[in-house]
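**Student:** Structural data only, the sequence is not supplied:
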């Protein structure tokens, strides 16, 4: 049973560019959440998708957007990249919207470097 | 709003020694508390979680944590540390009104010396 997978593993972009990160949830999971983990910090919640809709959003600007596909996989898009967007981006999946009772399973992350 | 504080940025322990990692939370209602571990190049792995009931929670890899409402704490413990426990440890809090949104602490880095 494959866990949460993310691609690519590493990515280097320049300021002003746009980036798309991808996530495939654990089998049987239909909810995907995205987190940003800056160096030396804990993960910060970006947003969560369920049934192809954004259900919750953290304190991130509109430059951060996402999408969920019918097969539950998800994309995170970041426009107009800033140096401060350099971070490890984590995807987590869980079954349904039952709230914090559900354990989230995290992928290994995508390391984004903005030059 | 919820918040989580992990006062120790870095801890070093000898292999075989006991370990306690501190976590304090701030939340007005009943919190749901979690400890995750992150090894280099790995995703976050859930060690244990507390929702209700017995305040002493057993987790994987020999870890346990105790919820103390009066102290707003949820400290992680292990009686005997192994070299493979070296990693970054994160405490997190969630609640019904935030759905699956978790608030993470800034983490404690654990070094284990032989």
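**Tutor:** Done, it's in. Every value quoted in this text rests on a predicted model; they were computed, and no experiment measured them.
**Student:** show me the contacts for residue A:25.
**Tutor:** Listed by C-beta atoms under 8 Å, 6 or more residues apart in numbering or on different chains, the contact partners of residue A:25 are A:4, A:31-32, A:72-74, A:91, A:93, A:105. C-beta here means a position set from N, CA and C on the backbone, and glycine is covered the same way.
**Student:** near chain B too, which of these?
**Tutor:** With C-beta under 8 Å from any C-beta of the partner chain as the criterion, the contacts of residue A:25 include A:4, A:31, A:105 near chain B.
**Student:** Just the residues you listed: which are in strands?
**Tutor:** When the ones next to chain B among the contacts of residue A:25 are checked against strands (DSSP state E), the matches are A:31, A:105.
**Student:** one step back: will you turn the contacts of residue A:25 into CSV that also has neighbour count, pLDDT and distance to residue B:66?
**Tutor:** Output for these, formatted as CSV (neighbours: other C-beta atoms under 10 Å in any protein chain shown; pLDDT from 0 to 100; distance: C-beta to C-beta, whole Å):
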residue, neighbour count, pLDDT, distance to residue B:66
A:4, 22, 94, 30
A:31, 24, 92, 30
A:32, 29, 93, 32
A:72, 21, 96, 36
A:73, 17, 97, 39
A:74, 25, 98, 36
A:91, 29, 95, 31
A:93, 28, 93, 29
A:105, 19, 90, 25
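**Student:** remind me which residues of chain A are low pLDDT?
**Tutor:** Where chain A drops to pLDDT under 70, the residues are A:1, A:97-101.
**Student:** right, and residue B:64 touches residue B:78 too?
**Tutor:** Yes: using C-beta atoms under 8 Å, residue B:64 and residue B:78 qualify as a contacting pair, with a distance of 7.4 Å.
**Student:** Neighbour count for those two, which is higher?
**Tutor:** Taking residue B:64 and residue B:78 together and counting by other C-beta atoms under 10 Å in any protein chain shown, residue B:78 has the greater number of neighbours (21 against 16).
**Student:** ok, what's across the strand from the more buried one?
**Tutor:** Under DSSP bridges, the beta-bridge partners of residue B:78 are residue B:19.
**Student:** That one and residue A:33: what is the separation?
**Tutor:** As defined by C-beta to C-beta, to the nearest Å, residue B:78 lies at a distance of 28 Å from residue A:33.
**Student:** how about the residues of chain A near chain B?
**Tutor:** Near chain B, the residues belonging to chain A are A:3-4, A:31, A:33, A:40-45, A:48, A:55-56, A:58, A:90, A:92, A:94, A:97, A:99-109 when assessed by C-beta under 8 Å from any C-beta.
**Student:** Inside helices: which ones of these?
**Tutor:** Secondary-structure check on these using DSSP state H: no residue lies within helices.
**Student:** what about burial for those, which qualify?
**Tutor:** Judged by neighbour count, with 16 or more other C-beta atoms under 10 Å in any protein chain shown as the criterion, the buried members of the residues of chain A next to chain B are A:4, A:31, A:33, A:42-45, A:48, A:55-56, A:58, A:90, A:92, A:94, A:99-100, A:102, A:104-109.
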